[in-house]
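Engineer: mind looking at a prediction? Sequence and model below.
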Amino acid sequence: MSDKISIKQKKTFSDFSLYKNQSVLEDEDSIAQSIYSILLYKPKERFFRPQFGIDLESFCFEELTFSSSFELEMNLKNAIFQSEPRIKDINMSFTQFLDENKIHINLIIILKDNSEIPLSFDVQSSV
């Protein structure tokens with residue numbers, strides 16, 4: 001009686017990548033996407049980072065006076081500088097549309113290498 005030992009070959013699989021069909025953003029694109037995500041989140045929406053984000057909608061209902069536009073500018077700068085270390089400075093301007101409860105924000109992001117990224121977006125209240 002002969003004992004036969006059968007050995008099965010293991011199947012090998014190539015590594016599974018979660019990012020296979022997604023492009024990885026680099027340089028200015030990654031910074032722009034980072035800033036958009038900072039500005040779209042409201043504080044306390046992210047677990048373990050309750051300070052992340054800014055409540056931009058709250059500025060849509062009041063007229064932008066000198067003090068409220070200064071507060072908006074400081075809130076924007078603080079939120080961005082806390083989360084994005086690649087930025088050296090930010091220049092910004094606002095245009096308010098009170099009848100639509102909307103604010104148009106223009107940003108010029110100045111990076112540590114002194115290159116600039118222009119960004120603009122609208123914030124409109126969903127109420």
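Structural biologist: Good, I have the coordinates.
Engineer: you'd agree I80 is in a strand?
Structural biologist: No - according to DSSP: H, G, I helix; E, B strand; the rest coil, I80 belongs to no strand; its state is helix.
Engineer: burial count for it?
Structural biologist: The number of residues packed near I80 is 20, by other C-beta atoms under 10 Å. In this view, the C-beta of every residue, glycine as well, is placed from N, C-alpha and C.
Engineer: residue contacts, it?
Structural biologist: If you count contacts by C-beta atoms under 8 Å, 6 or more residues apart in numbering, I80 has them with I35, I38, L39, I87, I90.
Engineer: again, 10 Å this time
Structural biologist: I31, S34, I35, I38, L39, I54, I87, I90, M92, L107, I109 (C-beta atoms under 10 Å, 6 or more residues apart in numbering).
Engineer: contact partners of the helix or strand hosting the fourth one?
Structural biologist: Here I38 is covered by helix 27-40, with elements defined by DSSP states H and E. The list of residues contacting helix 27-40 from outside it, by C-beta under 10 Å, 6+ apart, reads 23-25, 46, 52-54, 56, 76, 79-84, 86-87, 90, 105, 107, 109, 111, 115-119, 121, 123.
Engineer: which of those count as buried?
Structural biologist: Using 16 or more other C-beta atoms under 10 Å as the burial test, the contacts of helix 27-40 include 52-54, 56, 76, 79-80, 83-84, 87, 90, 105, 107, 109, 111, 117, 119, 123 as buried.
Engineer: what segments of this protein are helices?
Structural biologist: Using DSSP state H, the helices assigned to the chain run over residues 27-40, 66-83.
Engineer: thanks again, I'm all set now.
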